[in-house]
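Q: The sequence and its predicted three-dimensional model are supplied below.
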Amino acid sequence: MLSKREVFDGVPEEYLSHKERYENAIRNSVVAFSLVRKMQEEGKTSINNYRDVVGGLLGSSVLRDGSPLGLHYIMFMPAILNQANEEQQEKWLPRAWNCSIIGSYAQTELGHGTFIRGLETTATYDAATKQFVLHSPTLTAYKWWPGGLGQTANYCIVVAQLYTKGQCHGIHSFIIQVRDEETHMPLPGIKIGEIGAKLGLNAVNNGFLGFDNYRIPRTNMLMKHAQVLEDGTYVKSRHSKLNYGAMVFVRVVIVFDMVNYLSKAVTIATRFSAVRRQCQLKAGETECQILDYVTQQHKLFVSIAAAHAFRITANKLWLTFNEVNEQLVEGNLQRLPELHALACCLKAVTTADTAACVERCRLACGGHGYMMSSSLPLTYGLVTAACTYEGENTVLLLQTARFLVKTYQQLDSKALTPTVAYLKTAAAERFCVGWSNTTEGIIRGFQVVAMRVIIMSTFNEEVQEMSRTVSPQLKEVLHQLVDLYCTYWALEKLSDLLLYTPISQKEVESLRLRYEETLTNLRPNAVGLVDAFDLRDEMLQSTLGSYDGRVYERLMEEAMKSPLNAEPMLQSTLGSYDGRVYERLMEEAMKSPLNAEPVNYTFHKYLKPFMQGKL
Ligand SMILES: CCCCCCCC/C=C\CCCCCCCCCC(=O)SCCNC(=O)CCNC(=O)[C@H](O)C(C)(C)COP(=O)(O)OP(=O)(O)OC[C@H]1O[C@@H](n2cnc3c(N)ncnc32)[C@H](O)[C@@H]1OP(=O)(O)O
Ligand SMILES: Cc1cc2nc3c(=O)[nH]c(=O)nc-3n(C[C@H](O)[C@H](O)[C@H](O)COP(=O)(O)OP(=O)(O)OC[C@H]3O[C@@H](n4cnc5c(N)ncnc54)[C@H](O)[C@@H]3O)c2cc1C
């Protein structure tokens, strides 16, 4: 059994090469996911409820820059559950669940990510052989981005344009073997490799995949919703977008992921702000904690409130997702558009807000926030990717806008689904709600503005429920967080409120005062509020945010781990004696060591034993 976590000679990941990072990621992943397999053998997790277990591992410090096995759990298996028929699930799920096959999800191409109806990969049915022929007609048709595909996965879900009897029926999903299960060599007709270094998530092993008239059995088309019969007859799905289900699921999961990252970042920044003393409030006094500055509180406290708002929203969204999916199983598609719009909106808003908040947490820590050892730059790299993957945020918000406009247009003719019922209220009051500087008044104001209400009303709803089950003291603090979140966004979106509501200048001024008063009221509980996230030091992996507050000692301890400090003469592209800095940087950039060999050595050393259950 491999030890829990090994790094190369005690050198932190930041100092590993691209190839060493990959080996580290594979080794940590097989150790981590061997635990999932053990828990499954002991009946402690199952294919229908592994989100928390796998989520905990993927969000842990062991896999802090992602995992080459992440897509296997996050999209490959959910796609089989969501789009394969029973016979196909019986064939593929057991092997996927015990990791004797490792999968990815290949939808995006070099030429298309958003406009998936424009994907170019083709799957043409050959009735004579009862096979589909997969082909990449152009370079832009190459799949580009799928996680784990570079050197790790041997299967993947491929999204391609389905042709049968000379007619195109749009995009459908296929399960495709891309590597030999014994040798891990790419199969004939498959071109595959990794796409190279990225801003973050460099342990995910994102890859490219091209097909050269590659044949698969007809039964490898995922046929839960649409089918192609042996003679090539196409049987269409009840709803053209049921094949988009895997994307909806991941958008829901991403909201949970943002809670994890935002809680970590604001814990690090708030604890550091309690330790850091800088400047004097009055000459001659001792330097004060930077957490006492209102400007610092303005930067951080709304992130504490947002972490709670997103957690409540994520739980509510997960309940809605499960409700709607149960209805889909019974053939009731009525709430599918609402779920799609909700998942789009909440994925876009929580990722954009989390990226902005994490960056603000980094900036709030001054120079020490710029250190990799603070964990804030890494966290920013992780969350900013989420603004792009699983649907670029702009595009997803446009989907929500489309749904809201359609709903509003049918206001009098159609019963409203739960999350948009507020539109009736806004319409009934003919958009001239009286303004009140209360939480309810602000939410009503936003209902009029419309775009933000879904997070606000969900959050507010849950807090009402919470007030019946918490102590008066905690209730007061939680209401302060609600107040803070509402007044913060009212001031942030003042232009909309001034445009659409009768808020007066006097009320804006008292709103500002109320906001600062709320910051002051929250200050005494700020550290306690982030402690309540209960994130252990091993989860934070941060010199600034450790529980004991020994910031400076930890910064120095980490600095001394740099190999450059250990051996001042160590060779480096920037410090080489011959001064050929630019030539060396280009030479390094052109190597992509993982592509130098068709099968990376980690397959035989770690991955194959893991997949054969021998680890
Ligand atoms: C259980 C295990 C979980 C493990 C735990 C993990 C926990 C934490 C760890 C990690 C967290 C997550 C890490 C995530 C890593 C993910 C890596 C990234 C993977 C990817 O990026 S995969 C590729 C993603 N790609 C996209 O999202 C593409 C975006 N584009 C689109 O979705 C579509 O092109 C579009 C929606 C923008 C447009 O589609 P189109 O067909 O053109 O439709 P329109 O013509 O615009 O018509 C819209 C019409 O269709 C309806 N509709 C659209 N999409 C859906 C849908 N998904 N579902 C239902 N309905 C849909 C829409 O409502 C309109 O209907 P109308 O006509 O108005 O009635
Ligand atoms: C870290 C990471 C991991 C990923 N993992 C996977 C994976 O495992 N599997 C997979 O299949 N894909 C994966 N992807 C790809 C990801 O899904 C796409 O990058 C994403 O869908 C965006 O598509 P795109 O890159 O083509 O950008 P584009 O869609 O080209 O967007 C570029 C710009 O154009 C704008 N734009 C595009 N369309 C419109 C429109 N209709 N209206 C207005 N503006 C528009 C966008 O807003 C954006 O500003 C990953 C991406 C990243 C960053």
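A: Sure thing, it's come through. Everything quoted here is computed from the prediction, not taken from an experiment. Numbering: from 1, shown residues only. Ligands and ions are numbered 1, 2, ... in the order given.

Q: My understanding was that residue 24 contacts residue 13; is that so?
A: Yes: under the criterion of Cβ atoms under 8 Å, residue 24 makes contact with residue 13 at 6.4 Å. Just so you know, the C-beta spots here come from the backbone N, C-alpha and C atoms, and that holds for glycine as well.

Q: domains for the protein, by residue range?
A: Domain assignment for the chain by automatic domain parsing gives 1-237+568-615, 245-531.

Q: Between these, which one is closest to residue 555.
A: Nearest to residue 555 among those is domain 245-531 (6.4 Å), distances taken as Cβ to Cβ.

Q: ok, the closest one near ligand 2 or not?
A: Yes: counting by Cβ under 6 Å from any ligand atom, ligand 2 has neighbours in domain 245-531: 385, 388-392, 394-395, 398.

Q: ok, which residues in the stretch 351-500 of the chain are in contact with ligand 1?
A: Neighbours of ligand 1 within the stretch 351-500 of the chain, by Cβ under 6 Å from any ligand atom: 389-391, 395, 399, 402-403, 406.

Q: what are the phi and psi values for the closest residue in space to residue 363 that isn't next to it in sequence?
A: Using Cβ to Cβ, 6 or more residues apart in numbering and skipping the chain neighbours, the partner closest in space to residue 363 is residue 369 (6.5 Å). Backbone torsions for residue 369, taken as degrees, to the nearest 10, come to phi -70, psi -20.

Q: is it true that residue 369 touches residue 269?
A: Yes: under the criterion of Cβ under 8 Å, residue 369 makes contact with residue 269 at 7.3 Å.

Q: Between those two, point out the one with more neighbours.
A: Using other Cβ atoms under 10 Å, the more surrounded residue of residue 369 and residue 269 is residue 269, with 30 against 23.

Q: neighbours around the nearest residue to residue 276 once chain neighbours are set aside, how many?
A: Nearest residue to residue 276 in three dimensions, chain neighbours excluded: residue 290, at 4.8 Å (Cβ to Cβ, 6+ apart). Applying other Cβ under 10 Å, we find 22 residues neighbouring residue 290.

Q: Looking at whichever residue of the chain sits closest to ligand 2 now. What's its pLDDT?
A: Using Cβ to the nearest ligand atom, residue 113 is the residue of the chain that sits closest to ligand 2, at 2.1 Å. Per-residue pLDDT puts residue 113 at 94.

Q: check contacts around it.
A: Applying Cβ atoms under 8 Å, 6 or more residues apart in numbering, we find residue 113 in contact with 145, 392.

Q: 10 Å instead?
A: By Cβ atoms under 10 Å, 6 or more residues apart in numbering, residue 113 lies in contact with 107, 119, 144-145, 388-389, 391-392, 395.

Q: I'd like to know which elements the host helix or strand of residue 314 is packed against.
A: Following DSSP states H and E, one finds residue 314 within helix 294-329. Here helix 294-329 touches helix 245-275, helix 336-363, helix 453-467, helix 472-492, helix 505-522, helix 526-531, going by 3 or more Cβ pairs under 10 Å, 6 or more residues apart in numbering; DSSP states H and E.

Q: just how off-centre is it within its chain?
A: Its chain's C-alpha centre and that of helix 294-329 lie 14 Å apart, by Cα atoms, centre = their mean, to the nearest Å.

Q: Please apply the same query to stretch 143-154.
A: Counting by Cα atoms, centre = their mean, stretch 143-154 comes out at 18 Å from the chain centroid.

Q: Look at it and report the distance between its end residues.
A: One end of stretch 143-154 sits 15 Å from the other (Cα to Cα, to the nearest Å).

Q: sorry, back to before: will you turn the contacts of residue 113 into JSON lines that also has secondary structure, distance to residue 418 and pLDDT?
A: What follows is these, written out as JSON lines (DSSP: H, G, I helix; E, B strand; the rest coil; distance: Cβ to Cβ, whole Å; pLDDT from 0 to 100):
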{"residue": "107", "secondary structure": "coil", "distance to residue 418": "30", "pLDDT": "97"}
{"residue": "119", "secondary structure": "coil", "distance to residue 418": "34", "pLDDT": "97"}
{"residue": "144", "secondary structure": "strand", "distance to residue 418": "39", "pLDDT": "90"}
{"residue": "145", "secondary structure": "coil", "distance to residue 418": "35", "pLDDT": "93"}
{"residue": "388", "secondary structure": "coil", "distance to residue 418": "30", "pLDDT": "97"}
{"residue": "389", "secondary structure": "coil", "distance to residue 418": "28", "pLDDT": "97"}
{"residue": "391", "secondary structure": "coil", "distance to residue 418": "23", "pLDDT": "96"}
{"residue": "392", "secondary structure": "coil", "distance to residue 418": "27", "pLDDT": "97"}
{"residue": "395", "secondary structure": "helix", "distance to residue 418": "25", "pLDDT": "96"}
